[in-house]
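Student: okay, sequence plus prediction incoming.
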Amino acid sequence: MSQNTLLPHSVTSFCDWFLLYMSEDFKFRLFFTSFCYLVPHSATSLPHSVTSFCYLLPHSVTSCLILLPRCLILLPRYLALLPHCLLPDTTKMNISRDQAICMFFYEPFNEENIIRLRKRIDDMEDLEICYQNDPKQPVLVSRQRILGDPFTWRIYLSSEIASTSTGEPSDEIDRSLGTEVQAICFLNEVLLPYDPLNKTLFEAKAMSTCQVYRLLMKYCSCLDNKSPNAFAKWCSSRKIKFLQADYFRKRPKHGDEVTSRYRSIYVMKKEYLGKQKSNMFCRM
């Protein structure tokens, strides 16, 4: 036989032997068959993929070129708004009554104007300065209307020093916060994890959870059965705001602190705490 005659038989015999041998390993045979099947189809699909890419690329570039000028126009506006987004919501910030009076009469906030303008408001026996939603927008409303709808007309915080004849804050303690809801509201309004931008009402302090517990116990009676450690867990489960502040460790001076974790927070001044509690009762 000639080689031309034997060659097809040799190739056929080799293929038959290869498939027969591979049949003992099903996984490899399946892989080989799938590979032989997919290669031609992949080669056929490749031109379509290249065509689609070449078709979509100009449209994508065109869309980017159209949107780029608009983005450049809006970018300064977003950058200008960024600092305001990082600041706390000022519609919820606390403003004292004296500050609101000076704002209402467009006068600088100083001791002389406070005394003069406070007397001017107090002489209006039937009117009181208050606000609705934004404390930065004070208005004068009749006292009777405020008492009739304390949820709409909210009064400002006034210092206890101004309401006492001795000129000193009152040491009388009223533990009238009798529910957990009232305690939560009191803590969230008196202890802030951010700067409220009002040095008249708040002062920066480093406080431990134990010190917060002692402060609350002066005004609250519903948590008497909790220890300082149990109070810390209670604050965590209720997500009290002052826990959002970063903490640092501080060695106790006399060993009387239960915890060595302190947080840098902003605390309402003592002379406003009693008034804050009274205002909170009016809204609840």
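Tutor: Nice, thanks for sending it over. Numbering: from 1, shown residues only.
Student: could you look up the SS state of the closest residue to residue 205 other than its chain neighbours?
Tutor: In space, and not counting its chain neighbours, residue 205 is closest to residue 267: 4.9 Å by CB to CB, 6 or more residues apart in numbering. Just so you know, the C-beta spots here come from the backbone N, C-alpha and C atoms, and that holds for glycine as well. Per DSSP: H, G, I helix; E, B strand; the rest coil, the secondary structure class of residue 267 is strand.
Student: against residue 198, how distant is residue 267?
Tutor: Distance, residue 267 to residue 198, by CB to CB, to the nearest Å: 12 Å.
Student: show me what contacts the residue nearest to residue 205?
Tutor: Contact analysis of residue 267 by CB atoms under 8 Å, 6 or more residues apart in numbering lists 190-192, 202-205, 207.
Student: may I see the residues you listed organised as CSV, with secondary structure added?
Tutor: As requested, those are arranged in CSV below (three-state DSSP):
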residue, secondary structure
190, helix
191, strand
192, strand
202, strand
203, strand
204, strand
205, strand
207, strand
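Student: quick check: of those residues, which lies closest to residue 238?
Tutor: Ranked by distance to residue 238 (CB to CB), the contacts of residue 267 are led by residue 191 at 12.9 Å.
Student: number of nearby residues for the closest one?
Tutor: A count of neighbours around residue 191, defined by other CB atoms under 10 Å, yields 23.
Student: so what's it closest to, chain neighbours aside?
Tutor: Spatial nearest neighbour of residue 191, excluding adjacent residues (CB to CB, 6+ apart): residue 242 at 4.0 Å.
Student: are we agreed that the one you found is in a strand?
Tutor: No. Read with three-state DSSP, residue 242 is helix and lies in no strand.
Student: how much space between it and residue 58?
Tutor: Relative to residue 58, residue 242 is positioned 57 Å away (CB to CB).
Student: I'd assumed residue 222 was in contact with residue 183.
Tutor: Yes. If you go by CB atoms under 8 Å, residue 183 and residue 222 touch, sitting 6.1 Å apart.
Student: which one of the two has more residues nearby?
Tutor: Neighbours were counted for residue 183 and for residue 222 using other CB under 10 Å; residue 183 has more, 21 against 15.
Student: where does the more buried one sit, in terms of helix or strand?
Tutor: Residue 183 belongs to helix 180-190 when assigned by DSSP states H and E.
Student: summarise which helices and strands that helix is packed against.
Tutor: Packing contacts for helix 180-190, counted by 3 or more CB pairs under 8 Å, 6 or more residues apart in numbering; DSSP states H and E, involve helix 209-217, helix 228-238, strand 261-268, helix 270-283.
Student: could those go into TSV alongside mean pLDDT and distance to residue 123?
Tutor: Shown next, in TSV, are those (pLDDT from 0 to 100; distance: least, CB to CB, whole Å):
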stretch	mean pLDDT	distance to residue 123
helix 209-217	91	36
helix 228-238	92	44
strand 261-268	92	29
helix 270-283	62	21
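Student: contact partners of stretch 122-133?
Tutor: Residues outside stretch 122-133 that contact it (CB under 8 Å, 6+ apart) are 91, 97, 100-101, 104, 121, 137-144, 146, 152-156.
Student: hmm, back to that, what's the separation between the residue nearest to residue 191 and residue 135?
Tutor: In this structure, residue 242 and residue 135 are 21 Å apart, going by CB to CB.
Student: repeat for residue 213
Tutor: According to CB to CB, residue 213 and residue 135 sit 29 Å apart.
Student: flag the shaky bits of the stretch 1-150 of the chain, pLDDT-wise.
Tutor: Applying pLDDT under 70 to the stretch 1-150 of the chain picks out residues 1-57, 59-60, 63-64, 77-93.
Student: quick revisit: and the furthest pair within the contacts of residue 267?
Tutor: For the contacts of residue 267, the farthest-apart pair by CB to CB is 190 and 204; their separation is 13.8 Å.
Student: and the two? Which one has more around it.
Tutor: Neighbours were counted for residue 190 and for residue 204 using other CB under 10 Å; residue 190 has more, 26 against 10.
Student: show me what contacts that one?
Tutor: 215, 267-268, 273, 276.
Student: how about these in CSV, adding distance to residue 247?
Tutor: Shown next, in CSV, are those (distance: CB to CB, whole Å):
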residue, distance to residue 247
215, 17
267, 15
268, 20
273, 23
276, 25
